[in-house]
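Colleague: predicted model and sequence follow; I will ask about them next.
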Amino acid sequence: MSAQAQKACLEVQDATRRFGGLVAVNAVSFQVKPRSVTAVIGPNGAGKTTLFNLISGALSPSSGRVLFEGVDVTAEPPEAKAARGLIRTFQLVKLFPELSAVENVKVGCHLRTRGGLLAALLRPRWARRMEAETEERARVLLELVGLAATADQPAAALSYGQARLLEVARALAAQPRLLMLDEPAAGLNADESARLATLIRRIADDGTAVLLIEHDMHLVMNTADEVVVVDFGKKIAQGAPDRIRQDPAVIAAYLG
Ligand SMILES: Nc1ncnc2c1ncn2[C@@H]1O[C@H](COP(=O)(O)OP(=O)(O)OP(=O)(O)O)[C@@H](O)[C@H]1O
């Protein structure tokens, strides 16, 4: 493996976040390798969402650092991180309900395309040509997540599971280098969850690192290369799924 391939895509160093007297995230460190799937798991209230917020920039850490592709991005707001290719989805779906599925994906494309949303609205000729390409790319992404048949339906008409998959397609449209998924399998049926697992593996194999929070252990064990376990704000274990499954500290955290 080349030195480039081994360099961490994301490096979290001693990340700590306090809320008053509560230490929601306590000196957590881990790395995400390129082309890998890393899952953050832990009981309710363990600090997973707070950790995600520290990485994406929604919250700043009380101390510690976040490095993205070798650059210290700790203090950058979410938009600056998104422009670097650090893209996240949310626990609660945040789509434009009145726009069609394909239009929702196109919004994601415009995060990265020349001229952005404004050019798409003013529509000079080059923007119209680009618009056609964007439309094509959006439809390819919908196909990838299994939503080609619902491309022209308003997002509001989709089932909850379909909306979650649409969110993933929209995030992919922004061409992430690291895709952060917050409980992507929540509310999915067995078929959708299986499709999601395949999709997550494919995203990583195609070159985008994936970091996810997930309660669905089946999905975690089937997709993750590396599992980071947090409990009461602290990292209590890290390793391959098979090792994590048998780790006494992890078993105690889930049973306790
Ligand atoms: N803005 C906030 N102000 C005060 N306390 C907070 C805030 N956000 C989170 N917390 C607390 O920090 C701790 C960690 O919460 P967090 O939401 O990060 O956990 P989680 O592992 O994501 O939980 P869940 O699995 O239930 O989503 C909890 O005790 C929570 O009550």
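Modeller: Everything's here; your move.

Colleague: list the buried residues for stretch 60-78?
Modeller: Of all the residues in stretch 60-78, those buried under the rule 16 or more other C-beta atoms under 10 Å are 61, 64, 66-69, 73-74, 76. Bear in mind the C-beta positions are built from the backbone N, C-alpha and C, glycine included.

Colleague: repeat for stretch 34-50
Modeller: When neighbours are counted by 16+ other C-beta under 10 Å, the buried residues of stretch 34-50 are found to be 34, 36-43, 46-50.

Colleague: same check, this time on stretch 222-241
Modeller: Burial within stretch 222-241, assessed by neighbour count using 16+ other C-beta under 10 Å, is assigned to 222-231, 233, 235-238, 241.

Colleague: the buried residues of stretch 34-50: which two are farthest apart?
Modeller: The most widely separated members of the buried residues of stretch 34-50 are Pro34 and Pro43, with 29.6 Å between them, by C-beta to C-beta.

Colleague: tell me which of the buried residues of stretch 222-241 fall in strands.
Modeller: 226-231, 235-238 (DSSP state E).

Colleague: need phi/psi at the most centrally placed residue in the chain.
Modeller: When C-alpha atoms, centre = their mean is applied to the chain, the residue found nearest the centroid is Met180 (1.6 Å). Comment: the main-chain dihedrals of Met180 come out as phi -100, psi 120, following degrees, to the nearest 10.

Colleague: measure how buried the nearest residue to it once chain neighbours are set aside is and give me the count.
Modeller: Here the nearest residue to Met180 in space, its sequence neighbours aside, is Arg88; by C-beta to C-beta, 6 or more residues apart in numbering that works out to 3.7 Å. Arg88 has 22 neighbours, counted by other C-beta atoms under 10 Å.

Colleague: roughly how far apart are Arg88 and the ligand?
Modeller: As judged by C-beta to the nearest ligand atom, to the nearest Å, Arg88 and the ligand stand 14 Å apart.

Colleague: residues from the stretch 1-150 of the chain in reach of the ligand?
Modeller: The stretch 1-150 of the chain comes close to the ligand at residues 19, 22, 24, 42, 44-50, as judged by C-beta under 6 Å from any ligand atom.

Colleague: what about Glu143, how many neighbours?
Modeller: The criterion is other C-beta under 10 Å. On that basis, Glu143 has 13 neighbouring residues.

Colleague: using PDB, list the CA coordinates for the helix or strand encompassing it.
Modeller: Applying DSSP states H and E as the criterion places Glu143 in helix 125-144. What follows is helix 125-144 as a C-alpha-only set of coordinates in PDB (Å, rounded to 0.1, in the frame of the first residue of the first chain):
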ATOM      1  CA  ARG A 125     -25.800  29.100 -21.400                       C
ATOM      2  CA  TRP A 126     -22.900  27.400 -19.700                       C
ATOM      3  CA  ALA A 127     -25.100  27.000 -16.600                       C
ATOM      4  CA  ARG A 128     -27.800  25.400 -18.700                       C
ATOM      5  CA  ARG A 129     -25.300  22.900 -20.100                       C
ATOM      6  CA  MET A 130     -23.900  22.200 -16.700                       C
ATOM      7  CA  GLU A 131     -27.500  21.800 -15.500                       C
ATOM      8  CA  ALA A 132     -28.100  19.000 -17.900                       C
ATOM      9  CA  GLU A 133     -25.000  17.200 -16.700                       C
ATOM     10  CA  THR A 134     -26.000  17.800 -13.100                       C
ATOM     11  CA  GLU A 135     -29.400  16.300 -13.900                       C
ATOM     12  CA  GLU A 136     -27.800  13.200 -15.400                       C
ATOM     13  CA  ARG A 137     -25.500  12.800 -12.500                       C
ATOM     14  CA  ALA A 138     -28.400  13.100 -10.000                       C
ATOM     15  CA  ARG A 139     -30.300  10.400 -11.800                       C
ATOM     16  CA  VAL A 140     -27.200   8.100 -11.700                       C
ATOM     17  CA  LEU A 141     -27.000   8.600  -8.000                       C
ATOM     18  CA  LEU A 142     -30.700   7.900  -7.500                       C
ATOM     19  CA  GLU A 143     -30.200   4.700  -9.500                       C
ATOM     20  CA  LEU A 144     -27.200   3.800  -7.200                       C
END
